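Asker: no sequence on this one, just coordinates:
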């Protein structure tokens, strides 16, 4: 994780951008990895652990209708979370992670291990993508955090 967090930090620094994270299923793992890097205060502004839908709505501005129609684990929710955390913090880059870590909560269409990611950067709409991870709760959360850092570095490099 340290190598991925350093790569993301270097990409942010090279652009002169700051980042903020909106994390649901990873509950702060991404921000922890980013801020474990010495000097990360030059590019990390903060974030929100938005586990409950109410927090997604009230702090990040995720529309209630979107949550009702698509659910919290969806492309729309991830995009809105990334855009919301960037707006609330003033960061150039917003990253969001929302998913089902398990062991319960999965469905046929959204099984345990389903995670949506979104990254917003200046000048464009948020990029979003979905991944599926295997393993227990801890494994899903760690894999999701690693994937988020990989995406962050790749999308802003």
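Answerer: In hand now; what should we look at? Just so you know, these numbers come straight off a predicted model, no measurement behind them.

Asker: in which helix or strand does the residue positioned nearest the centre of the chain reside?
Answerer: Closest to where the C-alpha atoms of the chain average out (Cα atoms, centre = their mean) is residue 96, at 2.2 Å. According to DSSP states H and E, residue 96 maps onto strand 93-99.

Asker: partners of that strand, with directions?
Answerer: When pairs are called by DSSP bridges, strand 93-99 turns out to pair with strand 19-23 (parallel), strand 114-120 (antiparallel).

Asker: got the buried residues for the longest helix seen in the chain?
Answerer: Ranked by number of residues, the top helix in the chain under DSSP state H is helix 137-156. By 16 or more other Cβ atoms under 10 Å, the buried positions in helix 137-156 come out as 140-149, 151-153, 155-156. Using the backbone N, CA and C atoms, a C-beta is placed for each residue, glycine as well.

Asker: for that helix, name the packing helices and strands.
Answerer: In this structure, helix 137-156 packs against helix 2-15, helix 29-35, strand 93-99, strand 114-120, strand 127-132, with contacts taken as 3 or more Cβ pairs under 8 Å, 6 or more residues apart in numbering; DSSP states H and E.

Asker: now render those as TSV, adding mean pLDDT and distance to residue 62.
Answerer: Output for the helices and strands packed on helix 137-156, formatted as TSV (pLDDT from 0 to 100; distance: least, Cβ to Cβ, whole Å):
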stretch	mean pLDDT	distance to residue 62
helix 2-15	97	24
helix 29-35	98	18
strand 93-99	98	9
strand 114-120	98	11
strand 127-132	97	13
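
Asker: out of those, deepest packed?
Answerer: Across these, averaging neighbours per residue (mean count of other Cβ atoms under 10 Å) puts strand 93-99 on top, at a mean of 29.

Asker: dihedrals phi and psi, the residue lying farthest from the centre of the chain?
Answerer: Distance from the centre of the chain peaks at residue 108, with 23.4 Å (Cα atoms, centre = their mean). Dihedral pair for residue 108: phi -60, psi -40, per degrees, to the nearest 10.

Asker: ok, it - contacts?
Answerer: If you count contacts by Cβ atoms under 8 Å, 6 or more residues apart in numbering, residue 108 has none.

Asker: flag the shaky bits of the protein, pLDDT-wise.
Answerer: Judged by pLDDT under 70, the chain has no weakly predicted residues.
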